[in-house]
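In: I would like to see how this sequence folds:
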Amino acid sequence: MWFARDKLIRFNHCDPAAIIFYPQYFVLFHELMEDWFNEALDTPYGEYIRTARLGVPAVRADCEFLSQSRLGDLVRFQLEPLRLGKSSLSFAGEAWGGEELRARAQITVVQMSLETRRAVPFDERLRGNIARFLRAVP
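Out: Got it, this is the predicted structure:
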């Protein structure tokens with residue numbers, strides 16, 4: 001199941017030619033993941049970081065840049081979890097401008113303690129909320 005939000009491509013996302021600077025896709029996919037935590041996983045991302053002292057840094061990212069996004073474009077960013085491990089989560093990300101796929105990514109994050117800087121397992125509540133988005137395997 002996909003989680004999606006529209007994002008306006010802003011000046012700060014662009015290079016001098018007013019085309020999105022490709023590393024900004026990673027920023028926007030991470031922002032989308034934060035939205036997913038806040039809105040769909042019942043885990044306010046600010047509290048997750050500040051109070052629970054947990055983070056989900058990317059440990060692997062693969063992205064294809066298929067078409068340009070320009071300043072002022074409204075782009076639909078979407079993610080779908082692919083694999084949920086003990087402390088890792090892999091998800092697919094796509095960025096669509098209308099009917100045109102602009103970028104697609106596969107990103108793996110690992111939940112880590114901000115205190116120990118070591119991987120820690122997802123708790124059962126968060127694991128269950130993430131699992132609701134996992135596609136059933138036939």
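
In: what lines up beside whatever helix or strand residue 91 lives in in the sheet?
Out: Per DSSP states H and E: residue 91 is located in strand 88-97. Next to strand 88-97 in the sheet, as set by DSSP bridges, lie strand 74-84 (antiparallel), strand 100-110 (antiparallel).

In: so which of those gets nearest residue 36?
Out: strand 74-84 (6.3 Å; C-beta to C-beta). (Each C-beta comes from the backbone N, C-alpha and C, glycine too.)

In: centroid-nearest residue for the protein?
Out: Here the mean C-alpha position of the chain is nearest to the C-alpha of residue 33 (C-alpha atoms, centre = their mean), at a distance of 3.4 Å.

In: that one falls within a strand, correct?
Out: No. Assessed by DSSP: H, G, I helix; E, B strand; the rest coil, residue 33 does not belong to a strand; its assignment is helix.

In: all strands of the protein, in order?
Out: 3-8, 54-55, 58-65, 74-84, 88-97, 100-110, 112-113 (DSSP state E).

In: ranking these by burial, who's on top?
Out: Across the strands of the chain, averaging neighbours per residue (mean count of other C-beta atoms under 10 Å) puts strand 88-97 on top, at a mean of 20.

In: can I get that one in PDB, CA atoms only?
Out: Once non-C-alpha atoms are left out, strand 88-97 reads as follows in PDB (Å, rounded to 0.1, in the frame of the first residue of the first chain):
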ATOM      1  CA  SER A  88      15.600  -2.400   9.100                       C
ATOM      2  CA  LEU A  89      13.000  -1.200   6.700                       C
ATOM      3  CA  SER A  90      13.300  -1.100   2.900                       C
ATOM      4  CA  PHE A  91      10.900   1.000   0.900                       C
ATOM      5  CA  ALA A  92      10.300   1.900  -2.700                       C
ATOM      6  CA  GLY A  93       9.900   5.600  -3.500                       C
ATOM      7  CA  GLU A  94       8.500   7.200  -6.600                       C
ATOM      8  CA  ALA A  95       8.200  10.800  -7.700                       C
ATOM      9  CA  TRP A  96       5.500  11.600 -10.300                       C
ATOM     10  CA  GLY A  97       4.900  14.800 -12.200                       C
END
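
In: and stretch 82-102, how far from the chain's centre?
Out: 7 Å (C-alpha atoms, centre = their mean, to the nearest Å).
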